[in-house]
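Visitor: Coordinates only, no sequence provided:
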């Protein structure tokens with residue numbers, strides 16, 4: 001998924017409820033490549049996306065974020081992001097913003113075990129971890145044969161944000177938050 005977000009005030013693209021897998025890119029963003037302003041990445045499974053070229057300038061196999069906008073924010077919530085970076089230099093998620101003060105917020109995601117797989121290019125971009133993030137094997141039904149359903153023993157089951165639409169009501173009382 002490639003998004004080039006212009007300077008439209010108030011525009012915040014949302015990438016939601018996708019299985020993003022098996023993609024390749026030469027050097028950046030095989031799964032998702034976003035250039036520009038703020039975005040939301042929610043309820044996705046992002047696996048087996050690979051970079052063809054490896055090295056210090058090739059990063060963000062799962063997600064690559066870039067742009068020159070000031071105050072760009074990316075919210076990642078309820079995602080499973082695993083097994084994209086095949087080399088240590090690749091990084092799963094990489095933010096390379098040149099604008100002033102850009103942040104990536106992580107809530108209730110299943111992230112890579114190695115925290116070095118999530119990185120930024122410079123001090124203009126910060127990573128902020130919030131409630132509910134877990135790491136470890138998500139226990140896919142059959143990873144080798146691309147069956148990314150979760151096994152009953154998966155740590156990801158019931159580990160997501162109980163208020164998926166952010167209206168301050170959990171899935172216990174809000175039909176919008178229930179699994180469909």
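Guide: Structure's in. What do you need? Everything quoted here is computed from the prediction, not taken from an experiment. Residues are numbered from 1 along each chain as shown.
Visitor: Quick one: residues contacting the nearest residue to residue 31 once chain neighbours are set aside.
Guide: With Cβ to Cβ, 6 or more residues apart in numbering as the criterion, residue 31 has its nearest non-adjacent residue at 3.8 Å, and that residue is residue 49. Where you see a C-beta, it was placed from the backbone N, CA and C, and this is true even at glycine. Under the criterion of Cβ atoms under 8 Å, 6 or more residues apart in numbering, the contact list for residue 49 reads 20-25, 30-31, 61-62, 84.
Visitor: if I look at residue 49, how far off is residue 70?
Guide: From residue 49 over to residue 70 the distance is 29 Å, taken as Cβ to Cβ, to the nearest Å.
Visitor: Show me the shaky parts of the protein.
Guide: For the chain, applying pLDDT under 70 flags the ranges 1-11, 164-180.
Visitor: in it, which residue is closest to the centre?
Guide: With distances taken as Cα atoms, centre = their mean, the chain has residue 76 as the residue nearest its mean C-alpha position (5.4 Å).
Visitor: is it true that that residue touches residue 108?
Guide: No. With the criterion set as Cβ atoms under 8 Å, residue 76 and residue 108 do not qualify as a contacting pair; they are 9.1 Å apart.
Visitor: What residues sit buried inside stretch 20-40?
Guide: Of the residues in stretch 20-40, those buried under the neighbour-count criterion (16 or more other Cβ atoms under 10 Å) are 20-21, 23, 25, 27-39.
Visitor: taking the residues you listed one by one, which sit in strands?
Guide: Mapping the buried residues of stretch 20-40 onto strands (DSSP state E) picks out 20-21, 25, 32-35, 39.
Visitor: From residue 115, how far out is residue 131?
Guide: Residue 131 sits 17 Å away from residue 115 when distances are taken as Cβ to Cβ.
Visitor: Revised request: answer the last question for residue 55.
Guide: Computed with Cβ to Cβ, the distance linking residue 55 and residue 115 is 21 Å.
Visitor: Same question for residue 132.
Guide: With distances defined as Cβ to Cβ, the gap from residue 132 to residue 115 amounts to 16 Å.
Visitor: between the two, who's got more neighbours?
Guide: For residue 132 versus residue 115, the count of surrounding residues by other Cβ atoms under 10 Å is larger for residue 132: 16 against 11.
Visitor: Go through the helix or strand harbouring residue 104 and flag the buried ones.
Guide: Element membership for residue 104 (DSSP states H and E) is strand 102-107. Counting neighbours by 16+ other Cβ under 10 Å, one finds that the buried residues in strand 102-107 are 102-104, 106-107.
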